[in-house]
Every structure is written in structure tokens, then in C-alpha cells.
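Enquirer: sequence below, structure please.
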Amino acid sequence: MSRRAERRRGLRSLPPDKAVLVYALVGVLWILFSDALLFGWADLPQFGQQLSTVKGLAFVAVTSALLWVVLRHRERDLISHEELYRRAIAQAGAVAYRDDIRTGQYTHAGEGVRALTGLAPEEFTGERFRALIREVVMRGRCEGLSPAEARARLHRGDLPAWEADYRIVTRGGEEKWISDVAVTMHGAGGEVTGSLGILMDITDRKRVEQELRRSEERYRRLVEAVSVVPWEYDPAQAQFTYIAPQVTEIAGHTLEEWHRPRFWEEHLHPEDRAATARACGELSARGEDHTLEY
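Expert: This next block holds a predicted model:
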């Protein structure tokens, strides 16, 4: 990088406090020495008023030009950074959008929304997008809230972010799952003016999750149909977090009893209780698979 480019880069990246300090320093130097320079050049009393006026106009012109240069560079940097963010989001297969809560409309949607929904960016309005939605699953901080309640809290500023999954049918008739995550934008007075978010196709992830749930359910039905009892146990709490329902037929206690803390240990045979509980605890703490008879 050339020295000239480095100087320009330094000017653009100058922090606001240092920019103000430079501005103040130039102003002080101008006030202290400009009169001596001007009147030394034209030492005529009749030109005093005119020279003072010229000096003031020159100061305004120079400082205005400096501010314009700094602000222009900052504006270009912001535009460049925004474009980089959009490209990065698009490369990740997501679509950035911006909406205005005062109008309820999207003010920007990335080109990728066409492949995601079948709607062109200029067609992507709140009404048209909602018409595609068949199911809404609220997530994260929105979990447990209805979409209407979450939206109202978001607009009031009580909720910092929106998180939801949508099952949609695209304009072409294809069913997809879409993740929507957005953060609020605020006006000068701190009021919520809109949101900035990302839409992403999560159809494949949802299919995998559904298949895992179906596989888990098939496995559970299988093991519950035979005379074995699968279980999960939390050693720290000394209680089962899951135990198959057929345990009631095999051992004669209810599921509620089996989920009580220390129930298993208390119902071991007195001759086996201490050794079995100690062995189980030590092996579990080491993360070792084990088989015990008691």
C-alpha cells in the first residue's frame, strides 16, 4: 500500500473524538495567527473590515470542505461495509431484509428472496409473505408467545429480537421451512422504528429433525414392547429423568415413584445397596459403560 493510500485510509478511520480535536486545533491556530498573516500582508486600515470578512468566509469554506471530505469517506465506508455484509449473508444462503413497523412493509429484501419464496424483491410485501405461511413456531425469547403477542412486545421495545420458524408454501407450490431472526431498529427518541433480519431456508434441517423424532419414537415403541426397561438417570439429582413405562409391570411401582429422588437407591436390596450405588456412581462419573447385577 502506498503512503498516499495509507494517509487516506488513516483519515477515513479517524475516530470521532480525534476528528473533533483536529478540527478544534485548526480553528484555534486560525484564530490566533490569521489576523497577523492577513494584516501583515495588507497593512491598510481601510481594508480591515473586508479582510476580517474574507478571513471568516475562508475559515467556513475550509472547515466545511474538511467536514465534507470526512463525512463523504465515512458514508462510502458504511455503504461498502453494508454491501459486504449483504454479500456474506447471501453467500451463506440467507436473505437480509429490513422492515418498517409504521407501515408494516418491507423496505428492503435481498435478491435471494426470489429463490426462497418465489416472490421477487419488489413483490415481497408483508401481506404476500404472510399469505404463504402455513405454520409458525416461535423460538428463543419468543417461545411460548403467540405471533401477535411477540410482535406487540417487539414493537413496544419489550422484546429485543424476533425468532421464529415458518412452514410456507412458495408461489410455485413447494413446501419449505424458513428461519426468521431479526433485531429491532430505533429512532432518535429511542422508539422502535423497524427491524433488521435474516431469512434462511432450514427445510433440510427440519426434515432431519422430523426423521430423528420418528426414529426415536419407533425405537421407544420397540423397547417398550419387550421385557427390558431403558432409562436415563441423573447422578447429581439421584433420580431418573426417563424410565420406560413397562417398569411398572416388571417392578410393581408407579412411574411417579420411580421419578422420585433416591427412589432407586432406597429400593435396592439392603445387602447390595451400598456397593451397587457406589459402583454405579464411580463408573458414571468416569463416563464408562457398565453392567451391574444386584
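Enquirer: assign Trp162 to helix, strand or coil.
Expert: With DSSP: H, G, I helix; E, B strand; the rest coil as the basis, Trp162 sits in strand.
Enquirer: contact partners for it?
Expert: Contacts for Trp162 were tallied using Cβ atoms under 8 Å, 6 or more residues apart in numbering; they are 142, 150-151, 154, 180-183, 195, 197. (Each C-beta comes from the backbone N, C-alpha and C, glycine too.)
Enquirer: of those residues, grab the buried ones for ChimeraX.
Expert: Command for ChimeraX that selects the buried part of the contacts of Trp162, burial taken from 16 or more other Cβ atoms under 10 Å:
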select :142,150,151,154,180,181,182,195,197
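Enquirer: give me the subset of the contacts of Trp162 lying in helices.
Expert: 150-151, 154 (DSSP state H).
Enquirer: just the strands in the stretch 51-200 of the chain please.
Expert: Counting by DSSP state E, counting those that start in this stretch, the stretch 51-200 of the chain has strands at residues 94-100, 105-109, 133-138, 161-169, 175-186, 192-201.
Enquirer: redo those as JSON lines? Include distance to Ala285 and mean pLDDT.
Expert: Formatted as JSON lines, the strands of the stretch 51-200 of the chain follow (distance: least, Cβ to Cβ, whole Å; pLDDT from 0 to 100):
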{"stretch": "strand 94-100", "distance to Ala285": "42", "mean pLDDT": "87"}
{"stretch": "strand 105-109", "distance to Ala285": "53", "mean pLDDT": "88"}
{"stretch": "strand 133-138", "distance to Ala285": "38", "mean pLDDT": "95"}
{"stretch": "strand 161-169", "distance to Ala285": "36", "mean pLDDT": "94"}
{"stretch": "strand 175-186", "distance to Ala285": "38", "mean pLDDT": "92"}
{"stretch": "strand 192-201", "distance to Ala285": "40", "mean pLDDT": "90"}
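Enquirer: turn those strands into TSV, columns for distance to Ala236.
Expert: Listed next are the strands of the stretch 51-200 of the chain as TSV, based on distance: least, Cβ to Cβ, whole Å:
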stretch	distance to Ala236
strand 94-100	39
strand 105-109	48
strand 133-138	31
strand 161-169	30
strand 175-186	33
strand 192-201	37
